[in-house]
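>>> Output the structure for:
(chains A, B and C)
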Amino acid sequence: MTSSRTGKITLVLGGARSGKSRFSEELASESGLERHYIATSQAFDDEMRARIAKHRADRGEGWVTHEVPLNLLSALQQVARPERVVLVDCLTLWVTNLMMAEAEVDREGTALAQSLRQLAGPVILVSNEVGLGIVPDNRMARAFRDHAGRLHQAVAAMADEVFFIAAGLPLQMKG
Amino acid sequence: MTSSRTGKITLVLGGARSGKSRFSEELASESGLERHYIATSQAFDDEMRARIAKHRADRGEGWVTHEVPLNLLSALQQVARPERVVLVDCLTLWVTNLMMAEAEVDREGTALAQSLRQLAGPVILVSNEVGLGIVPDNRMARAFRDHAGRLHQAVAAMADEVFFIAAGLPLQMKG
Amino acid sequence: MTSSRTGKITLVLGGARSGKSRFSEELASESGLERHYIATSQAFDDEMRARIAKHRADRGEGWVTHEVPLNLLSALQQVARPERVVLVDCLTLWVTNLMMAEAEVDREGTALAQSLRQLAGPVILVSNEVGLGIVPDNRMARAFRDHAGRLHQAVAAMADEVFFIAAGLPLQMKG
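Predicted structure coming up:
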């Protein structure tokens, strides 16, 4: 089914501190391909800066890093190549960035999802599952949760493999 | 095991925007039976009204809709028939409605669960998993989460099939 | 692989009211071993006292109970024996207690995880998955969620079996 395509699409979902980034980095390393990392995070405060620095240290050497808070699809179109694996960490921060930029989140998400299978090389997309707690009081948080959920459905529908990570352990939901 | 029963009971759990309603509607459509929809939602504000209208539009034509905020068991006893499939969307809103009506939620939930296997036709019950976030600050939210969790356990124990949905993908936990 | 070890390590993760305690108690009872229960809870208010009393009543007779809010590793080293099964309920309350005592949570968690496979008998550890909702506003809640997630990863890596419980149903993630 995927034999005519050069780029396998993998979605890795999980909670906070579930080990989803480490699992995804191991997937990338096992591919033996040149590793590119698209970081969607933006450091607005010290806590965020510390998280980013820790992520980078955990990842180790051997990665080419791209900082892409907003234009994720065009970055993927530029970076993806058959000889590279691209790891995007993470989609939920991208949604946050789009909301802060007052972009049309669902339209951007649909465009991303519908272009994934035309990329020139494999991509691993990491995202936080955020919809399994109590409905947030806050209207923005509810909107965020809705955008993220719709994006996960759209990406999962296009993905070759989907993993759900808990306590560092993968559960394969598709593929 | 279920050969002497006319009504298969299916529980579909998932997070916000996980695709649980769409999955359930597809299950109902695949049955080839006459489709009845029990909506537990009540429109108190514009956001809720918009969600309800969107749900109805997503569902498409060919459904008989019943609005049942509180008396779910008696509605199921009236509506369930061998030639129909009944979709209840969703149990967590029913719990909210019962709490607002100051009903005895756990007693109502137990009565519902214990009557499911005597219904005259198949039923699909959709519900939100809400217990996988941080303990809420708010006492009512904690009570809601406890009621919902107990109801899910009681219904799952009586169900023939239980699915957990994430990113639109089903994980079968029972059946 | 575990043939030279006397103590199987089991991690049982789940949401609030998911049935994780009952599942763990059944696992313990099925072992046929002498049952010891390590309760990490501390009753600070009436709601907590009621939860503890309900847990104890649900558990039934035949358990030796130890109340251990903080020194979990040394308690396990004292209580674990080949002829006993020890149930720890729950790790997330232990994390809360450590944070309130201003202990170094991650160091304590790593020490616990790394000692589990040297214990003299089987242990079942219950914990709440708390990382699948919206990022909490509150800094302490974010820190708690991070500590809990790191602890779950560390314990799961050392465990022989890991279960994720939803609606009272187990999903085996390891073992």
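>>> Which residues of chain A lie near chain B?
Residues of chain A lying near chain B by C-beta under 8 Å from any C-beta of the partner chain: A:11, A:13, A:15, A:129-135, A:139, A:145-146, A:148-150, A:152-153, A:155-157, A:162, A:164, A:171, A:173-174. For every residue, glycine as well, the C-beta is placed using N, CA and C.
>>> Quick one: buried ones out of these?
A:11, A:13, A:15, A:129-135, A:145-146, A:148-150, A:152-153, A:155-157, A:162, A:164, A:171, A:173-174 (16 or more other C-beta atoms under 10 Å in any protein chain shown).
>>> pLDDT value on the residue with the largest distance to the centre of chain A, please?
If you look at how far each residue of chain A sits from its centre, by C-alpha atoms, centre = their mean, the farthest one is A:D137, at 26.2 Å. Looking at A:D137, its pLDDT stands at 90.
>>> ok so it is a helix residue?
No. Per DSSP: H, G, I helix; E, B strand; the rest coil, A:D137 lies outside any helix segment and is coil.
>>> Scan the helices and strands of chain A for the one with the lowest mean pLDDT.
The least trusted helix or strand in chain A, going by mean pLDDT, DSSP states H and E, turns out to be helix A:46-59, with a mean of 81.
>>> who does that helix touch, helix- and strand-wise?
Counting contacts by 3 or more C-beta pairs under 8 Å, 6 or more residues apart in numbering or on different chains; DSSP states H and E, helix A:46-59 is packed against helix A:20-30, strand A:34-39.
>>> Same list (those) but as TSV, adding distance to B:S21, mean pLDDT and mean neighbour count.
Output for these, formatted as TSV (distance: least, C-beta to C-beta, whole Å; pLDDT from 0 to 100; neighbours: other C-beta atoms under 10 Å in any protein chain shown):
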stretch	distance to B:S21	mean pLDDT	mean neighbour count
helix A:20-30	26	96	19
strand A:34-39	32	96	20
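>>> Which secondary structure state does A:L151 sit in?
helix.
>>> That one and A:P69, how far apart?
16 Å (C-beta to C-beta, to the nearest Å).
>>> higher neighbour count, those two?
Neighbour count, other C-beta atoms under 10 Å in any protein chain shown: between A:L151 and A:P69, A:L151 has more, with 26 against 17.
>>> Now do the SS call for the residue lying closest to that one once chain neighbours are set aside.
Distances taken as C-beta to C-beta, 6 or more residues apart in numbering or on different chains place A:G109 nearest to A:L151, at 4.0 Å, with adjacent residues excluded. At A:G109 the chain is in helix, as set by three-state DSSP.
>>> Straight-line length of stretch A:93-109, end to end?
With C-alpha to C-alpha, to the nearest Å as the measure, the first residue of stretch A:93-109 is 13 Å from its last.
>>> What average pLDDT does it get?
On average, stretch A:93-109 scores 97.
>>> Tell me which stretches of chain A form strands.
In chain A, the strands defined using DSSP state E lie at A:9-14, A:34-39, A:63-67, A:84-89, A:123-128, A:161-166, A:169-174.
>>> helices or strands up against the first one?
The helices and strands touching strand A:9-14, judged by 3+ C-beta pairs under 8 Å, 6+ apart, are helix A:20-30, strand A:123-128, helix A:139-158, strand A:161-166.
>>> A:Q114 is nearest to which of the ones you listed?
Relative to A:Q114, the nearest member of the helices and strands packed on strand A:9-14 by C-beta to C-beta is helix A:139-158, separated by 7.2 Å.
>>> Next, the angle strand A:9-14 makes with the closest one.
Here helix A:139-158 runs at an angle of 140 degrees relative to strand A:9-14 (axes from the mean of the first three to the mean of the last three C-alpha atoms, to 10 degrees).
>>> Which neighbouring elements make contact with helix A:139-158?
Using 3+ C-beta pairs under 8 Å, 6+ apart, helix A:139-158 sits against strand A:9-14, helix A:91-100, helix A:105-115, strand A:123-128.
>>> Show me what A:S127 bridges to in the sheet.
A:L13 (DSSP bridges).
>>> Quick check: it vs chain C, distance?
Using C-beta to the nearest C-beta, to the nearest Å, A:S127 is found at 12 Å from chain C.
>>> and chain A, which residues reach chain C?
A:14-19, A:47, A:129-134, A:136, A:141, A:144-145, A:166-169, A:171.
>>> How about residues contacting stretch A:104-114?
With contact meaning C-beta atoms under 8 Å, 6 or more residues apart in numbering or on different chains, stretch A:104-114 is reached by A:72-73, A:76, A:95, A:98-99, A:147, A:150-151, A:154-155, A:157-158.
>>> Sorry, wrong one. I was asking about stretch A:160-167.
A:2, A:8-15, A:18-20, A:23, A:129, A:156, A:170-175, B:166-167, B:169, B:171, C:11, C:13, C:129, C:152-153, C:155-156, C:162, C:164, C:173.
>>> and the strands of chain A, which one's lowest on average pLDDT?
strand A:63-67 (a mean of 93).
>>> tilt between it and strand A:34-39?
30 degrees.
>>> Can you work out which other helices and strands pack against strand A:63-67?
Right, strand A:63-67 is packed against strand A:34-39 by 3+ C-beta pairs under 8 Å, 6+ apart.
>>> partners of the strand it packs on in the sheet?
strand A:63-67 (parallel), strand A:84-89 (parallel).
>>> how close does the residue lying closest to A:V123 once chain neighbours are set aside get to chain C?
Of all residues not flanking A:V123 in the chain, A:V86 sits nearest, at 4.8 Å (C-beta to C-beta, 6+ apart). A:V86 sits 25 Å away from chain C, going by C-beta to the nearest C-beta.
>>> Could you count how many residues lie near A:V86?
26.
>>> before we move on, what about A:S74?
11.
>>> and if you look at the one 10 residues further on?
The tally of other residues near A:R84 (other C-beta under 10 Å) stands at 19.
>>> quick one on the thing from earlier: please identify which of the helices and strands packed on helix A:139-158 is closest to B:S115.
Judged by C-beta to C-beta, the one of the helices and strands packed on helix A:139-158 that comes nearest to B:S115 is strand A:9-14, at 35.8 Å.
>>> tell me the angle of the closest one relative to strand B:169-174?
Going by the same axes, to 10 degrees, strand A:9-14 makes 50 degrees with strand B:169-174.
>>> and strand A:9-14, how far from the chain's centre?
On the basis of C-alpha atoms, centre = their mean, to the nearest Å, strand A:9-14 sits 7 Å off its chain's mean C-alpha point.
>>> Excluding its own residues, what touches stretch A:64-78? List them.
Contacts of stretch A:64-78 (C-beta under 8 Å, 6+ apart): A:34-42, A:56, A:79, A:86, A:88, A:93-94, A:97-98, A:101, A:103, A:108, A:111-112, A:115-116, A:119, A:123.
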